[in-house]
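Asks: Below is the sequence, then the predicted model.
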Amino acid sequence: MKLNLYELSESYQKLMDLDLDDKALQDSLSALNQSVEEKASNIAHVTRTMDAGINAIKEEEKRLKAKREALESRLDKLKDHLFDNMKAMDISKVKTDTDTIYISGRDYSKVKNIDDLPTEYIKQEVKISVDKRKLNKDIKEKDIPGAEKVKKEWVVIRWDLNLDL
């Protein structure tokens, strides 16, 4: 999928199109002979273009998921219709040149009231998790055994342009 929001120089277009590992990408970026401002601006343009591509893929995933779910629903309805008709006509098996269609089943348990079940059938699961919000707040004020305060920094690219896409 080619999605270009900017006219990128040939070198940045190649970087965006290639599937480079982290080291190769760093080496390629270092080899480009540009000022820091030009590099930063071009990298920002590449990240915006990649972000738009990522969002387009996410939307396509949503569309395909909805289509898959609709097909699964239609498949279930067709099978239910066939089942209902076979049961109504008291037919348990149909054999044709290409298919064998039959009604199958199995016995299973259905819990009516969990409180009435003997304890041997009860499984209790304990989930331990960290309250990250509280930990992040409290670690600013005091040392907490088993945790440490770390500082994470990252680059922010603010989109100052008003793009009409």
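Replies: Structure received. Numbering: from 1, shown residues only.
Asks: Could you pull up phi and psi at the residue most central in space within the chain?
Replies: Nearest to the mean C-alpha position of the chain, counting by CA atoms, centre = their mean, stands K58 at 8.2 Å. The phi/psi pair for K58 (degrees, to the nearest 10) reads phi -60, psi -40.
Asks: measure it to Q26 for me?
Replies: K58 sits 27 Å away from Q26, going by CB to CB, to the nearest Å. Where you see a C-beta, it was placed from the backbone N, CA and C, and this is true even at glycine.
Asks: And for K123?
Replies: Distance from K123 to Q26, by CB to CB: 50 Å.
Asks: swap in W159?
Replies: Remark: distance between W159 and Q26 (CB to CB) = 24 Å.
Asks: what pLDDT does the residue nearest to the centre of the chain get?
Replies: pLDDT recorded at K58 is 97.
Asks: low pLDDT regions in the protein?
Replies: 1-20, 25, 28-29, 31-36, 161-165 (pLDDT under 70).
Asks: all helices in it, in order from the N-terminus.
Replies: In the chain, helices defined by DSSP state H lie at 10-17, 22-31, 36-88, 132-138, listed in chain order.
Asks: what's the most buried one of those helices?
Replies: Per residue and on average, the most neighbours among the helices of the chain fall to helix 10-17, with a mean of 15 (mean count of other CB atoms under 10 Å).
Asks: contacting residues around S41?
Replies: By CB atoms under 8 Å, 6 or more residues apart in numbering, the contact list for S41 is empty.
Asks: That one and I157: what is the separation?
Replies: 10 Å.
Asks: same question, K142
Replies: Going from K142 to I157 by CB to CB gives 35 Å.
Asks: What is the neighbour count of D99?
Replies: Neighbours of D99 under the rule other CB atoms under 10 Å: 7.
Asks: And it, how close does it get to K112?
Replies: Remark: distance between D99 and K112 (CB to CB) = 38 Å.
Asks: Check D138 too.
Replies: Computed as CB to CB, the D138 to K112 distance reads 45 Å.
Asks: about what we covered before: present the helices of the chain as CSV; the columns should include distance to G146.
Replies: Output for those, formatted as CSV (distance: least, CB to CB, whole Å):
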stretch, distance to G146
helix 10-17, 42
helix 22-31, 31
helix 36-88, 36
helix 132-138, 10
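Asks: which one of those helices lies closest to K152?
Replies: Taking CB to CB, helix 132-138 is the member of these nearest to K152, at 11.4 Å.
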